[in-house]
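> any chance you can model this:
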Amino acid sequence: MSPLALVSARTICHHRRGCNGDTEVARARAMATALVVLLTVAVAAASPAPSTLLLDSTTLAEDVTYEVTATTLIPENDTVVEISTIVADDDIGSASVSQAGQAGQAGDGEWRCPHGCDCAALVEGTSYNCSLPSGVLAFDEYGDGITFKCQSGVFRCAEVPPAASAGRRAGRGALRAALGSVTLRGCELPAEPVTCALTRRGARTTAKLIVQAPRTPLDPVHLRGLENLEMLRITDLEGARSELPLRALGAVPRLRQLTMNEAQLELKTPLPALPLLALELATDALTALPPRAFRALPSLRRLGLWDNALADLPEDTFEEDTLDMNR
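Have a look, this model is predicted:
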């Protein structure tokens, strides 16, 4: 019988206030074994990502915690798991999992939730909630992207948990080197590049960066190393007085789409030469544009200025025959 089945059998007897006689012990063991088979079938039916560590009844151990999900079993932290509730009738009913609070050691090569973090399996990745020296950081990884949610404190690269320690697997949904999307929400950014945190999680660059509710303006150092960035969205500024991060844009020479929404934005000078194809400055409380505001954007094809307070536009703002304008 597998270790989990043994734990289950003991627990069944415990919740039945002991097993009297060989018959009841055998019945408890049979129920526990059926439960392990049920979990193993669920594992076998799954179609996991390559980075997922799959376990069956032959690899379960008493000194590792397993999170039971709809399709897979994932080791978590370093505590022992026990089956705490089993419906004791002729058929296996349901089971719930709780921590027994006993420390243990994960085996070599297994994935482990980082120290100081709570981890949970997502459909295509892993969610982390970490208490770090500089604050609380949550992030979700899903292979092609990552979302950082700064719940308090400063977003410091050195405190981001590394993707995997030497000799251990990365978590479910481990990042690719080149990402499709990175989101930073509510983060106070120190003077260090975003790529530093990506490197800690096993990635190098991204094609799309979304900065939501930023607590600091973007500087060139933040975008350093993102030479392949094509889309930058700065949103949820909640009407804060803001400026376009023009100096920072010099660090992303391949940028094609720029969005800045929900700010109190004031344009005093024309935009410098940029390779933008699309520019969206919507819901930014704009009341006026400077002369020749967008004439240095020869590749610009789409301009979004809706939900502003513009009474009129200077005649030389742009060349209309090259632009699809949304006001």
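
> residue ranges with poor pLDDT in the chain?
The chain contains residues with pLDDT under 70 at 1-109, 165-171, 318-327.

> ok, now with 90
For the chain, the stretches with pLDDT under 90 are 1-113, 115, 122-124, 152-153, 163-174, 237-243, 266-269, 291, 311-327.

> mind giving me the domain ranges of it?
Per automatic domain parsing, the structural domains of the chain span 3-103, 117-326.

> so which residues of the stretch 151-300 of the chain form strands?
Under the criterion DSSP state E, counting those that start in this stretch, the stretch 151-300 of the chain contains strands at 178-179, 181-185, 205-206, 208-212, 231-235, 240-242, 257-260, 263-265, 278-280.

> just checking, what packs against the first one?
Of the remaining helices and strands, those touching strand 178-179 by 3 or more CB pairs under 8 Å, 6 or more residues apart in numbering; DSSP states H and E are strand 205-206. The C-beta positions use only the backbone N, C-alpha and C, and glycine is treated the same way.

> I would like the residues contacting the strand it packs on, please.
Contact partners of strand 205-206, identified using CB atoms under 8 Å, 6 or more residues apart in numbering, comprise 145, 177-182, 195, 198, 225-229.

> which member of these is positioned nearest A163?
A163 has its nearest neighbour among the contacts of strand 205-206 in L198, at 10.1 Å by CB to CB.

> which residues touch that closest one?
Residues near L198 by CB under 8 Å, 6+ apart: 146, 175, 179, 182, 204-206.

> could I get the residues you listed as CSV with distance to D236?
Formatted as CSV, the contacts of L198 follow (distance: CB to CB, whole Å):
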residue, distance to D236
I146, 18
L175, 24
L179, 21
V182, 16
R204, 27
T205, 24
T206, 19
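
> now, of these, which are buried?
Using 16 or more other CB atoms under 10 Å as the burial test, these include 146, 175, 179, 182, 205-206 as buried.

> coming back round to it: can you select the buried ones among the contacts of strand 205-206 for me in PyMOL?
Selecting only the buried entries of those in PyMOL, with 16+ other CB under 10 Å as the criterion:
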select buried, resi 145+179+181+182+195+198+225+226+229
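
> same list, the contacts of strand 205-206, but as TSV with distance to G125 please.
Formatted as TSV, these follow (distance: CB to CB, whole Å):
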residue	distance to G125
G145	9
A177	16
A178	17
L179	12
G180	13
S181	13
V182	14
T195	20
L198	15
G225	24
L226	22
E227	26
N228	22
L229	22
